[in-house]
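1. next comes the sequence, and after it the predicted model I'd like to discuss.
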Amino acid sequence: DTLWRQTMAQAAFAPSLSSICSQGNLLDPFLTLEQDLVVLNLSLNTYLEKTRQAVPRLYFPSEPELLDILAAGYNDVRDINANITRLFPGVAELVLREEDQVFWAVRGSKGEMLEIIPVVDAKGARGVDVWLPLVEENLKNSVRKAIDRARVSRDVSGMDRIEWMMAHTQQSVSVANDVFYTDAVESALMDDNRGTMLAGLVPFKDSEIQQVITSLVSQLPSG
């Protein structure tokens, strides 16, 4: 960088090709610089590959995006949100608590919030390659707990279906619904009157779908 700046400064001072090229020993330093750049590029690629092997989720971003992500770990950790969707599709933001520099929640692309349990210390665990795996692992735990809360609350609370859906995240509701439907099908198959039981599931699911449609339509602006 210094050599390039000095050469350009000389060219700006005397913008003549013959005067620049007539300077002695101009080619060799640039050839050396080119060799250094090749070595630097190989070292950088080796470092990026080792980092990706340690944190496989970093294979998703491109190399320029990965460099931005890694730089965020040593500058402002909030900068990672510029590329967060490349790491976690559907996540719009890792939410940082300013006073203690911990990631405490994620905000989804539709505005839903999910608390990270336990929180991840982005300041103490220096470097994205250190705290990003913690974010991933703790998010898995948070999603499991959210699904369990949705499933259990539907079983024991007697809450209205629409109210229940609005009280939980979209993913937890979707998974819990799949669990309930699978349980219902399994129970029907084990019943002596399985034909009747299975046939009865169709109108039941149709009525649930109609409830959702009616609720959504009622929330649309008139006109």
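-> Thanks, I have the structure now. Numbering: from 1, shown residues only.

2. buried stuff in whichever strand or helix holds Leu40?
-> Counting by DSSP states H and E, the element that carries Leu40 is helix 27-54. Under the neighbour-count criterion of 16 or more other C-beta atoms under 10 Å, helix 27-54 has Thr51, Arg52 buried. All C-beta atoms are positioned from the backbone trio N, CA, C, and that covers glycine.

3. packing partners for that helix?
-> Applying 3 or more C-beta pairs under 8 Å, 6 or more residues apart in numbering; DSSP states H and E, we find helix 27-54 packed against helix 2-13, helix 63-72.

4. ok now it, how far from the chain's centre?
-> 29 Å (C-alpha atoms, centre = their mean, to the nearest Å).

5. helix 63-72 and that helix, what's the angle between them?
-> 80 degrees (axes from the mean of the first three to the mean of the last three C-alpha atoms, to 10 degrees).

6. and helix 27-54 with helix 2-13, angle?
-> Using the same axes, to 10 degrees: helix 27-54 against helix 2-13 is 140 degrees.

7. if we can go back for a sec, which of the helices and strands packed on helix 27-54 has the lowest mean pLDDT?
-> Lowest mean pLDDT within those: helix 2-13, a mean of 79.

8. please save the CA atoms from that helix in PDB.
-> This file holds the C-alpha atoms of helix 2-13, laid out as PDB (Å, rounded to 0.1, in the frame of the first residue of the first chain):
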ATOM      1  CA  THR A   2       2.800   2.400   0.900                       C
ATOM      2  CA  LEU A   3       4.700   1.600  -2.400                       C
ATOM      3  CA  TRP A   4       1.600   2.200  -4.400                       C
ATOM      4  CA  ARG A   5       0.800   5.500  -2.700                       C
ATOM      5  CA  GLN A   6       4.400   6.700  -3.200                       C
ATOM      6  CA  THR A   7       4.400   5.800  -6.900                       C
ATOM      7  CA  MET A   8       1.100   7.500  -7.500                       C
ATOM      8  CA  ALA A   9       2.300  10.600  -5.700                       C
ATOM      9  CA  GLN A  10       5.300  10.700  -7.900                       C
ATOM     10  CA  ALA A  11       3.100  10.200 -11.000                       C
ATOM     11  CA  ALA A  12       0.800  13.000  -9.800                       C
ATOM     12  CA  PHE A  13       3.800  15.300  -9.300                       C
END
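
9. the chain should start at 23 in everything you say after this.
-> Sure, I'll start counting at 23 from here, so that last one is helix 24-35.

10. could you say what helices and strands it packs with?
-> Short answer (3+ C-beta pairs under 8 Å, 6+ apart): helix 24-35 packs on helix 39-43, helix 49-76.

11. format those helices as a markdown table; extra columns: mean pLDDT and distance to Val124.
-> Listed next are these as a markdown table, based on pLDDT from 0 to 100; distance: least, C-beta to C-beta, whole Å:
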| stretch | mean pLDDT | distance to Val124 |
| --- | --- | --- |
| helix 39-43 | 69 | 55 |
| helix 49-76 | 91 | 22 |
